[in-house]
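Engineer: could you work out the structure for the sequence below:
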Amino acid sequence: MSVIRTAIVMPGVVTTRIPFLNALAGAARVEPVLFSMDPRQVGRAEAHVSWDDASFEVRHPHGWSFAHRTDAGDVWPVHVRPSLHWDLARGGFEAFVTLQWNALYTMPTIVQGRLSRRPVVLWEESIQHAPTPWKLRLAPGIRLMFRQFDASIAASARCKAYLLELGARPGTVFESRTPIDVDDYRAPLASMDGRAYALLRERYGLDGRVPILFVGNLTQRKGVHELLTAFEEVVRASPKTLLLLAGSGPEEACLRRRVVEAGLGDCVRFVGFLSHQELPLLGALAAAFVLPSRYDAWPAAVLEAMSVGLPIVTTDAVGMVPEIVRDGENGLVVPVNAPSALAQALLRVTSSPGECRRMGERSLELIRSWTVRDAAAAFADAIEYAVETRRRPRGRTR
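Structural biologist: Take a look at the predicted model:
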């Protein structure tokens, strides 16, 4: 099969996805043309994508955006880009890929694919979670929409199961676990020496402390309040433990008040957003990484933490469990919304240097086994399957 010119429509691009998309372009099976709704990096407001590192074409359709705040306190951008579908119609594409089944642009992309007789592939990371009332009411329509996808690309086995539950046709869902380029992420560590690390420890007040790192938006969905409740218990048992909160968000002011009221000012550091040059440096100084999310489909922060050899403490509501974060192997998994269990897990990894080191080494080993090349190959398999399926009778499947 010749190289398939493919339009990939997505809200925006995190820096860690660029190596994966470069691998997709370099394999010469798919020619990706990325339509990004946001020219900035998604997820870290003070950092921007270095498009100079991209070996694929990137376009930013014209239009406007507005913010939608969820019940969990997250603010999600909603993009309206009328020029997108004009560009798709004129681009000579052989396949369309849309990221997120419930994005505003997904249904028009399906319609456009049908009118142009081009396959439409869903790229999804979400996992099963408590359905909202509107989702329950629209379930028949959602199932009908899912039957229109020629193939789907799932970020995990849990994501695949969720897509089948929503209505994806059996045999059409491919798993492509979007990884990060471990060596690329670890590159800032190569220039660090003992003096540089000593200065970093001094900068963050780490000397003599056992640092636990959290990276993410400070929202209710990320479980930051449960984390602070758990950390109060951790400090009572291990006063030298230090919590580093890298990120910002709507819960920051409330968290700062709680820290003061609980007398934890010397044990919690709000370090704000960090660039992808700074994050691995701080990660290399931490003893463990924690992400107590109430729901998280495929958080890049976990992959980043594993890339610097950290044990992971997280909840069973994170989509990487149990594929990448394996309880007792490279970290500990606790029930969601369980601060006491979270505290005990944090105490376990920080009080046992040998176990902590073993888990961290296993994290690095596991993340190195999930290569961008393998993920790109699975992604291309899905595109080729969709194109082939579109050329033959609908009733025949893989």
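Engineer: which sections of the stretch 51-200 of the chain are below the confidence cut-off?
Structural biologist: 51-52, 70-75 (pLDDT under 70).
Engineer: go with 80
Structural biologist: 51-53, 67-77, 130-132 (pLDDT under 80).
Engineer: off-centre distance for the longest helix seen in the chain?
Structural biologist: The helix that spans the most residues within the chain, counting by DSSP state H, is helix 372-390. Distance of helix 372-390 from the chain centroid (CA atoms, centre = their mean, to the nearest Å) equals 21 Å.
Engineer: contacts for it?
Structural biologist: The contact list for helix 372-390 (CB atoms under 8 Å, 6 or more residues apart in numbering) reads 1, 4, 6, 19-20, 22-24, 26-27, 29-30, 94-95, 97, 117-121, 123, 150-153, 172, 174-181, 396-398. From N, CA and C alone the C-beta is placed, and that goes for glycine too.
Engineer: just the buried residues of the residues you listed.
Structural biologist: For those, a neighbour count by 16 or more other CB atoms under 10 Å gives the buried set as 4, 6, 19-20, 22-24, 29-30, 94-95, 97, 118-121, 123, 150-153, 172, 174-181.
Engineer: among those, which ones are in strands?
Structural biologist: 4, 6, 30, 95, 97, 120-121, 123, 151-153, 174-175 (DSSP state E).
Engineer: which one of those residues is nearest to residue 371?
Structural biologist: Closest approach to residue 371 among these (CB to CB): residue 175, at 14.1 Å.
Engineer: surely that closest one touches residue 158?
Structural biologist: No. If you go by CB atoms under 8 Å, residue 175 and residue 158 don't touch, sitting 10.3 Å apart.
Engineer: for residue 88, see how far away residue 186 is.
Structural biologist: Separation of residue 186 from residue 88 (CB to CB, to the nearest Å) stands at 37 Å.
Engineer: swap that for residue 211, please
Structural biologist: Residue 211 is 47 Å from residue 88, by CB to CB.
Engineer: where do the strands sit along the stretch 51-200 of the chain?
Structural biologist: 57-59, 64-69, 75-80, 95-99, 120-124, 151-154, 173-175 (DSSP state E, counting those that start in this stretch).
Engineer: possible to save those strands as TSV with distance to residue 336?
Structural biologist: Below are the strands of the stretch 51-200 of the chain laid out as TSV (distance: least, CB to CB, whole Å):
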stretch	distance to residue 336
strand 57-59	36
strand 64-69	22
strand 75-80	21
strand 95-99	25
strand 120-124	21
strand 151-154	21
strand 173-175	24
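Engineer: okay, now the domains of the protein?
Structural biologist: 4-179+371-390, 186-368 (automatic domain parsing).
Engineer: quick one: end-to-end distance for the shortest one.
Structural biologist: Spelled out, that is domain 186-368. Domain 186-368 has an end-to-end distance of 12 Å (CA to CA, to the nearest Å).
Engineer: what of stretch 316-332?
Structural biologist: 10 Å.
Engineer: does residue 307 touch residue 186 like I think?
Structural biologist: Yes. The criterion here is CB under 8 Å, and residue 307 meets it with residue 186 at 5.9 Å.
Engineer: quick one: contacts of stretch 225-240?
Structural biologist: 208-210, 212, 214, 241, 243, 251, 254-255, 258-259, 262, 264, 267-268, 290, 292, 337-340, 342-343, 346-347, 350-351.
Engineer: beta partners for residue 211?
Structural biologist: residue 242 (DSSP bridges).
Engineer: isn't it right up against residue 286?
Structural biologist: Yes. Shown here, residue 211 and residue 286 form a contact pair, counting by CB under 8 Å, at 4.7 Å.
Engineer: overlap in contacts of the two?
Structural biologist: Joint contacts of residue 211 and residue 286 (CB under 8 Å, 6+ apart) are residue 244.
Engineer: so for these two, which sits in the more crowded spot?
Structural biologist: residue 286 (25 against 21; other CB atoms under 10 Å).
Engineer: ramachandran coordinates for that one?
Structural biologist: phi -80, psi 160 (degrees, to the nearest 10).
Engineer: and if you look at the one 4 residues further on?
Structural biologist: Phi and psi for residue 290, reported as degrees, to the nearest 10, are phi -130, psi 140.
Engineer: now swap in the one 10 residues further on and tell me
Structural biologist: Reported as degrees, to the nearest 10, the phi and psi values for residue 300 are phi -60, psi -30.
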